[in-house]
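**Student:** sequence plus predicted model, see below.
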Amino acid sequence: MVSGSTTNGTVASVSRVLVTGAAGRIGRAVLDLLAARGIEAHALVLQDPGDLTARHVVAGSAADPVAVRAALDGADAVIHLAAIPTPERESAGDVFGRNTLSTFTVLEEAGRAGVRRVAVASSWGVTGLPWTTDPAPSPAYVPVDEALPSQVEDPYGLSKQVDELTAAMMAQRHGMSVVCLRYPFVGGFDERLRAHAARLTREPAAGARDLWTYLEVRDAARAALLALDVPGPGAHAVHVCAPEIIVPFPTEELLRRYHPTTTLRRPLPGRTAPVDTSAARRLLGFTAERLIDG
């Protein structure tokens with residue numbers, strides 16, 4: 001069993017972690033972090049790319065209990081990242097059905113196998129802001145917190161809402177600790193994140209639905225690992241993002257321009273992100289460390 005510490009919270013005391021969706025952007029960063037901590041990784045992917053830093057790789061769907069059982073194989077924790085990431089690439093039924101069934105299956109099989117520590121990738125999409133169409137939505141208030149009323153009208157956002165309800169049920173059913181991480185736009189300090197920043201700097205309106213928030217992928221991975229250290233039973237959903245917005249403009253100026261009906265509950269000086277991440281600090285000991293202009 002491996003236990004240790006970081007500069008920003010503890011590393012979970014786990015010895016073998018199943019990562020679903022391990023070939024994805026966050027999944028690969030999680031595998032790298034587990035390897036750096038000396039924690040054995042198992043991976044569940046739709047297709048094995050052949051280059052994953054995991055001891056045990058299973059190719060199959062996270063919605064298939066047989067594949068999930070094979071991938072678990074003695075794991076004592078799960079980081080569940082497998083999902084269709086937007087409502088735009090698949091049919092509405094596929095997005096909702098596959099995402100929710102995958103989360104149900106992974107948590108049910110993990111619980112039956114005795115796993116009691118799980119992190120689940122939720123999303124900023126649970127707010128309904130990214131893909132609600134007409135009229136373009138604004139949050140009721142900022143900083144946005146976990147209690148913000150949802151405006152979801154798309155199958156992806158709905159699937160993440162259901163995932164969080166599934167987490168609560170599984171925590172009760174199996175006595176698990178399940179933490180749902182509401183990720184914003186995630187990328188590395190490479191072409192993806194810097195190109196996103198450049199685009200939103202040219203077109204700030206394009207970032208209004210996400211409130212110009214982001215998270216560097218290594219911070220996203222670290223949040224997932226820290227989530228495994230939360231004692232159970234219980235289920236939690238927390239927002240995680242960088243403490244500053246991705247564009248070089250004052251936050252309050254952007255809010256006045258693009259969200260004039262939103263209530264400002266407290267001052268947001270400079271480029272302060274208009275999202276309350278205090279729950280993640282309290283629960284996980286997590287604060288994002290990697291800033292795009294740091």
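**Tutor:** Happy to help now that I have it.

**Student:** wait, what's in contact with the nearest residue to V106 once chain neighbours are set aside?
**Tutor:** Nearest non-adjacent residue to V106, counting by Cβ to Cβ, 6 or more residues apart in numbering: H80, 4.9 Å away. (Each C-beta comes from the backbone N, C-alpha and C, glycine too.) Neighbour list for H80: T20, G21, A62, S102, T103, V106, L107, V118, A119, V120, A121 [criterion: Cβ atoms under 8 Å, 6 or more residues apart in numbering].

**Student:** try 10 Å this time
**Tutor:** Shown in contact with H80 (Cβ atoms under 10 Å, 6 or more residues apart in numbering): 18-21, 44, 62, 68, 102-103, 105-107, 110, 118-121, 163, 167, 178, 180, 224.

**Student:** got any ranges where the stretch 51-200 of the chain has weak pLDDT?
**Tutor:** Within the stretch 51-200 of the chain, the set of residues satisfying pLDDT under 70 is empty.

**Student:** how about the helices in it?
**Tutor:** For the stretch 51-200 of the chain, the helices defined by DSSP state H, counting those that start in this stretch cover 65-72, 92-112, 155-174, 191-202.

**Student:** ok, back up a step: and the residue nearest to V106, how close does it get to V115?
**Tutor:** Distance, H80 to V115, by Cβ to Cβ, to the nearest Å: 11 Å.

**Student:** mutual contacts of those two, please.
**Tutor:** Joint contacts of H80 and V115 (Cβ under 10 Å, 6+ apart) are L18, V106, L107.

**Student:** export those residues to JSON lines and tack on distance to R266 and neighbour count?
**Tutor:** Formatted as JSON lines, the shared contacts of H80 and V115 follow (distance: Cβ to Cβ, whole Å; neighbours: other Cβ atoms under 10 Å):
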{"residue": "L18", "distance to R266": "40", "neighbour count": "30"}
{"residue": "V106", "distance to R266": "38", "neighbour count": "31"}
{"residue": "L107", "distance to R266": "36", "neighbour count": "27"}
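
**Student:** dump stretch 172-183 to CSV, restricted to CA.
**Tutor:** What follows is stretch 172-183, C-alpha atoms only, in CSV (Å, rounded to 0.1, in the frame of the first residue of the first chain):
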residue,chain,number,x,y,z
GLN,A,172,-25.8,4.3,0.3
ARG,A,173,-26.0,0.9,-1.3
HIS,A,174,-22.4,-0.2,-0.8
GLY,A,175,-21.1,2.1,2.0
MET,A,176,-18.8,3.8,-0.5
SER,A,177,-17.1,7.2,-0.7
VAL,A,178,-17.9,8.7,-4.1
VAL,A,179,-16.6,12.1,-5.2
CYS,A,180,-18.0,13.6,-8.4
LEU,A,181,-15.6,16.2,-9.8
ARG,A,182,-17.2,18.9,-11.9
TYR,A,183,-14.5,19.5,-14.4
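
**Student:** just how off-centre is that stretch within its chain?
**Tutor:** Distance of stretch 172-183 from its chain centroid, counting by Cα atoms, centre = their mean, to the nearest Å, is 13 Å.

**Student:** and it, which residues are buried?
**Tutor:** Residues of stretch 172-183 classed as buried by neighbour count (16 or more other Cβ atoms under 10 Å): H174, M176, S177, V178, V179, C180, L181, R182, Y183.

**Student:** so which of those sit within strands?
**Tutor:** S177, V178, V179, C180, L181, R182, Y183 (DSSP state E).

**Student:** need those residues in JSON lines with distance to D190, can you?
**Tutor:** Shown next, in JSON lines, are these (distance: Cβ to Cβ, whole Å):
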{"residue": "S177", "distance to D190": "33"}
{"residue": "V178", "distance to D190": "31"}
{"residue": "V179", "distance to D190": "27"}
{"residue": "C180", "distance to D190": "27"}
{"residue": "L181", "distance to D190": "22"}
{"residue": "R182", "distance to D190": "23"}
{"residue": "Y183", "distance to D190": "18"}
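
**Student:** quick one on the thing from earlier: export the helices of the stretch 51-200 of the chain to TSV and append columns for distance to D276.
**Tutor:** Listed next are the helices of the stretch 51-200 of the chain as TSV, based on distance: least, Cβ to Cβ, whole Å:
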stretch	distance to D276
helix 65-72	34
helix 92-112	25
helix 155-174	17
helix 191-202	21
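
**Student:** for L34, find the nearest of these.
**Tutor:** Nearest to L34, of all these, is helix 65-72, at 14.5 Å by Cβ to Cβ.
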